[in-house]
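> Structure for this input, please:
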Amino acid sequence: MDQQRPFLYLSLFFLGFLIWSTWQQEHAPKPVVPAGQIELNSANNSDSSNGNSMPSGSSVSTGAVVNNGGTVPVNNAVANNNDAQQIHIKTDVLDIIISTQGGTIVQADLPTHPVSLEEQDKATRIIDKEQKYAAQSGLIYRGADGSNLAPNHFAIFSTANTEYTLQEGQSSLQVPLTWSNGSGLTVTKIFVFERGSFLVKQIQKVDNQTSNIWSGNEYLELTHKEYSRTGGLLSGAIAYVGPAYYKNKYQKIDFGDIEDGDLKDLTTAELNALSDDEKADRLIKGGWVAMLKHYFVSAWVPVKENENTYYTRIDKTKNNYIIGVKSPVKQVNTGTSGEFISQLYVGPTDQASLAKISKGLDLTVDYGIFAFVSKPIFAVMSFINRNIVSNWGWTIILLTLFIKMIFFYPSAMSYKSMAKMKKFQPQIKALGEKYKGDPQGKQKATMTLFKKEKINPLGGCLPMLIQMPVFMGLYWVIQESVELRQAPWMLWYQDLSIMDPYFVLPLIMGASMWFQQKLNPPAMQDPMQQKIFMYLPIVFTVMFLFFPAGLVLYWVVNNILSIAQQWFINKRIIGDT
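This is a model prediction of the structure:
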């Protein structure tokens, strides 16, 4: 029995997983639509692209007939309007442009997060006109003839200033925009910015000085044009770009899913046709809607105590995909005022900050199927970096030492078995010669020898089995955690989330893997297996050329520690048994 064969299988499995992961990200089948929704989606599929760029004037209300509101002409929230002005707001962490058309945020830059190390003066842009990416909001009047009783995201607001800056010593900044119908109804949309915060508070204040009760609700939307993900095995993981929302669990809803009618914004007639249970299923207490890109996210967070209605819309003629949330209906009596309060996060996917804002928002850092490994790894790394070294490169090295200590005993047993295998290599080879024409006899004699000398032929695979899930977990930590984006180590390693520019670590990794083979040469007799095993260091080196430097650093340190442990055990076993 060739004890190294399982190692080959593990290596091939590892390569296969990377190929499968790349394919899955580009060609994964979409979730099956529940049977109860298929007829509804297909019946209204044509409506999803009819150019209606306003949400329906309806929201879920269990046990009651839903009242409809008005709609507005076809338009695009990101398009310029001749009467609209651009308001520029600058804080210590945000650089934002708001259009007076709807009070829509049409651009958001992060000065504290440069695009790259080579372009330190160029801020990362999250909300972007070029991508039809906007954060829009408005009000929907819930009565008859409400065309001039609620400002939507096409209404023109007025502003006292077009430039706002958070000054030194100032802790917060308010940016008010005002709309009035000229008949006693005034809506003030106020954006509140805090120093050092990526979280923007939005207040829509309705001042009703008309003779009628005002009844309506708020809607919050994020828009984006369709985005096609492309990449390959050697270009690393393909980051998800697109909408997501939270309904007791984190759920991504791709642009293709929106086109298929998933979470479709229902009309009044469709909502009224639902049973109370079906209506309740479309209600989400609290929650959030988000638009994701690699390392960054924008998210509308409504009032946590409210039962909100979540939906998607699409305007195919303008390639505009929308995810949004509608609040419950609120009434404002004549002579009084009422407020709709929400929050908009525009910033990096900092897990600690996101977790404090809303339940599940930190899940936008998507570690995939290895989250059960990645989350503990990130927690340990954060502790080390925060309390011990304050350098992510040294953090990875200390993490490797920590993991090695945890698995020291099982690894030692494995290396001990491998050392015994090496010691009895002449006997194994002699058995191969003796039973050259008798494979069954050779296997029986070899297993008898293993049993007599207490050798585990599969022991050499244990280090790989232990290392593989840790490796994949760390891979996603480095790939998805913004904390490691542009994180330096030393020398030319100024960004551990990208490949080594000079390929030094991958070459050291390949050399260490080759040395491990020499330290414990395989006992396999099959020439083909010997060749495959011999070329494994080369194959892995080529693969690791394109992996993040931080990941290769982990593998190099792990290999060096494994070599030291294996050499020590070999010396004891071969010298004293």
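> so how far is I213 from D92?
Look at D92 and I213: by CB to CB, to the nearest Å, they are 43 Å apart. No exception for glycine: its C-beta is placed from N, CA and C like everyone else's.
> hang on, I meant I98
30 Å.
> neighbour-wise, which of the two wins?
I98 (26 against 12; other CB atoms under 10 Å).
> which SSE is the closest residue to that one other than its chain neighbours in?
Spatial nearest neighbour of I98, chain neighbours left out: I87 (4.5 Å); criterion: CB to CB, 6 or more residues apart in numbering. Element membership of I87 [criterion: DSSP states H and E] is strand 86-90.
> Quickly run through the sheet partners of that strand, with directions.
Take DSSP bridges as the rule and strand 86-90 pairs in its sheet with strand 95-99 (antiparallel), strand 163-165 (parallel).
> Of all the ones you listed, which one is nearest N308?
strand 95-99 (23.4 Å; CB to CB).
> CA atoms of that closest one as PDB?
Presented in PDB, the C-alpha positions along strand 95-99 are these (Å, rounded to 0.1, in the frame of the first residue of the first chain):
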ATOM      1  CA  ASP A  95     -16.800  63.200   0.400                       C
ATOM      2  CA  ILE A  96     -20.400  63.200  -0.900                       C
ATOM      3  CA  ILE A  97     -22.500  64.800  -3.600                       C
ATOM      4  CA  ILE A  98     -26.200  65.100  -3.200                       C
ATOM      5  CA  SER A  99     -28.500  66.200  -6.000                       C
END
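> any idea how far that strand is from the chain center?
25 Å (CA atoms, centre = their mean, to the nearest Å).
> Please look at R142 and N217 and confirm they touch.
Yes - using CB atoms under 8 Å, R142 is in contact with N217, at 6.7 Å.
> list residues touching both of those two?
V329 (CB atoms under 8 Å, 6 or more residues apart in numbering).
> Out of the strands paired with strand 86-90, which one sits most buried?
Across these, averaging neighbours per residue (mean count of other CB atoms under 10 Å) puts strand 95-99 on top, at a mean of 22.
> What helices and strands are in contact with the strand ranked longest in the chain?
Counting residues, the longest strand found in the chain (DSSP state E) is strand 336-348. Secondary-structure packing of strand 336-348 (3 or more CB pairs under 8 Å, 6 or more residues apart in numbering; DSSP states H and E): strand 104-114, strand 123-127, strand 134-141, strand 199-208, strand 214-224, strand 296-301, strand 330-332, helix 351-357.
> Where does pLDDT dip in the stretch 1-150 of the chain?
Applying pLDDT under 70 to the stretch 1-150 of the chain picks out residues 1-54, 56-82, 144-147.
> returning to what we had before: reformat the helices and strands packed on strand 336-348 into a markdown table and put distance to H153 and mean neighbour count next to each item.
Shown next, in a markdown table, are the helices and strands packed on strand 336-348 (distance: least, CB to CB, whole Å; neighbours: other CB atoms under 10 Å):
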| stretch | distance to H153 | mean neighbour count |
| --- | --- | --- |
| strand 104-114 | 5 | 20 |
| strand 123-127 | 14 | 21 |
| strand 134-141 | 4 | 26 |
| strand 199-208 | 12 | 20 |
| strand 214-224 | 7 | 26 |
| strand 296-301 | 13 | 24 |
| strand 330-332 | 18 | 16 |
| helix 351-357 | 23 | 16 |
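> now for the ones you listed, which one comes closest to I341?
Smallest distance to I341 across these (CB to CB): 5.5 Å, for strand 199-208.
> Pull up the pairing partners for the closest one, direction included.
strand 185-194 (antiparallel), strand 336-348 (antiparallel).
> for it, the distance to its chain's centre please.
With CA atoms, centre = their mean, you get 30 Å for strand 199-208.
> May I have it exported as PDB, CA atoms only?
Written as PDB, here are the backbone C-alpha positions of strand 199-208 (Å, rounded to 0.1, in the frame of the first residue of the first chain):
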ATOM      1  CA  LEU A 199     -23.100  56.400   9.000                       C
ATOM      2  CA  VAL A 200     -25.400  59.100   7.800                       C
ATOM      3  CA  LYS A 201     -28.700  59.800   9.500                       C
ATOM      4  CA  GLN A 202     -31.600  60.900   7.300                       C
ATOM      5  CA  ILE A 203     -34.700  62.600   8.600                       C
ATOM      6  CA  GLN A 204     -37.700  63.300   6.400                       C
ATOM      7  CA  LYS A 205     -39.900  65.800   8.300                       C
ATOM      8  CA  VAL A 206     -43.400  66.300   7.100                       C
ATOM      9  CA  ASP A 207     -45.000  69.600   8.200                       C
ATOM     10  CA  ASN A 208     -48.700  69.400   7.500                       C
END
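> for the protein, what's the longest helix?
Longest helix of the chain, by residue count under DSSP state H: helix 549-575.
> What is that one packed up against?
helix 392-406, helix 408-423, helix 462-480, helix 504-519, helix 527-544.
> next one: it to chain centre, how far?
33 Å.
> ok, now which ones touch D366?
Counted by CB under 8 Å, 6+ apart, D366 has contacts 240, 250, 252, 292, 480.
> Help me confirm that it is found in a helix?
No - looking at D366 with DSSP: H, G, I helix; E, B strand; the rest coil, it is coil, so not inside a helix.
> And it, how far from Q427?
In terms of CB to CB, D366 sits 52 Å off from Q427.
> S390 now?
53 Å.
> doesn't H224 make contact with K132?
Yes - in terms of CB under 8 Å, K132 counts as a neighbour of H224; the distance is 6.2 Å.
> Next one: G335 from T104, what distance?
For G335, the distance to T104 (CB to CB) stands at 30 Å.
> Three-state assignment for Y502, please.
coil.
> contact partners of stretch 382-398?
Contacts of stretch 382-398 (CB under 8 Å, 6+ apart): 352, 381, 399, 402, 474, 483-484, 487-490, 493, 496, 550, 553-554, 557.
> try 6 Å
381, 484, 487, 489, 496, 550, 553-554, 557 (CB atoms under 6 Å, 6 or more residues apart in numbering).
> For V325, state which of those residues is nearest.
Among the contacts of stretch 382-398, and counting by CB to CB, the member closest to V325 is L484, at 31.4 Å.
> helices and strands of this structure: which one has the lowest mean pLDDT?
Of all helical and strand segments in the chain, the minimum by mean pLDDT, DSSP states H and E falls on helix 35-43, at a mean of 39.
> Give me the domain ranges for the chain.
According to automatic domain parsing, the chain comprises the domains 5-19+375-575, 47-229+239-364.
> Which of those domains comes out lowest on mean pLDDT?
Of all the domains of the chain, domain 5-19+375-575 carries the lowest average pLDDT, namely a mean of 78.
> Give me the distance from it to the chain's centre.
29 Å.
> Tell me how many other residues surround Q486.
Per other CB under 10 Å, the neighbour tally for Q486 reads 18.
> I'd like the distance between the nearest residue to S211 once chain neighbours are set aside and V206.
Counting by CB to CB, 6+ apart, the nearest residue to S211 once its immediate chain neighbours are dropped is T334, at 5.9 Å. Relative to V206, T334 is positioned 12 Å away (CB to CB).
> any idea how far the longest strand of the chain is from the chain center?
With CA atoms, centre = their mean, you get 24 Å for strand 336-348.
> What residues of that strand count as buried?
340-348 (16 or more other CB atoms under 10 Å).
> how about the residues you listed, which pair is most distant?
Every pair of the buried residues of strand 336-348 checked by CB to CB; the farthest is F340 and P348, at 27.2 Å.
> hmm, back to that, same list, the buried residues of strand 336-348, but as JSON lines with distance to Y535 please.
Listed next are the buried residues of strand 336-348 as JSON lines, based on distance: CB to CB, whole Å:
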{"residue": "F340", "distance to Y535": "64"}
{"residue": "I341", "distance to Y535": "62"}
{"residue": "S342", "distance to Y535": "58"}
{"residue": "Q343", "distance to Y535": "55"}
{"residue": "L344", "distance to Y535": "53"}
{"residue": "Y345", "distance to Y535": "49"}
{"residue": "V346", "distance to Y535": "48"}
{"residue": "G347", "distance to Y535": "46"}
{"residue": "P348", "distance to Y535": "41"}
